[in-house]
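> Compute the structure for the input listed below.
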Amino acid sequence: QVQLQESGPGLVKPSQTLSLTCTVSGGSITTIYYYWTWIRQPPGKGLEWMGAITYSGSTYYSPSLKSRTSISRDTSKNHLTLRLSSVRPEDTAVYYCARGGPGITLPYEYDYWGQGTQVTVSS
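Alright, predicted model coming up:
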């Protein structure tokens, strides 16, 4: 059973860089095929795909967030890291990591999700 667990600060000040970690257990992030994705949901809004890192370490980003987003991984710790720079109040959201694959875009297509972590951007 694959499990994903997000962690990071619950409160970040505007203009700072948000850093979140997704620790994966029960499966390797280097297993061929799988993409490890960051998705967020602002209050009262739908899910927003932010980006993904593949089993080989390639990265893909949402065009609207690409200039501020970085996804990396530590294979020795089997975890992913999301960094979002220059945060603003509109970045307030629940942030999720999820396991998907090539071409997967719909929420129900991701087979494993973390529980999500609330991040609030406020001074």
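
> how much space between the closest residue to I104 other than its chain neighbours and G44?
Ranked by Cβ to Cβ, 6 or more residues apart in numbering and with sequence neighbours excluded, the top spatial neighbour of I104 is Y110, at 6.4 Å. Just so you know, the C-beta spots here come from the backbone N, C-alpha and C atoms, and that holds for glycine as well. Separation of Y110 from G44 (Cβ to Cβ, to the nearest Å): 22 Å.

> ok, the two, which is more surrounded?
Taking neighbours as other Cβ atoms under 10 Å, Y110 and G44 compare with Y110 leading, 20 against 5.

> surely A93 meets I39?
No. A93 lies out of contact with I39 (Cβ atoms under 8 Å); the separation is 9.4 Å.

> joint contacts of these two?
Counting by Cβ atoms under 8 Å, 6 or more residues apart in numbering, the residues touching both A93 and I39 are E48.

> How confident was the prediction at the residue most central in space within the chain?
Relative to the mean C-alpha position of the chain, the nearest C-alpha, by Cα atoms, centre = their mean, is the one of W38, at 2.3 Å. On the pLDDT scale, W38 is placed at 97.
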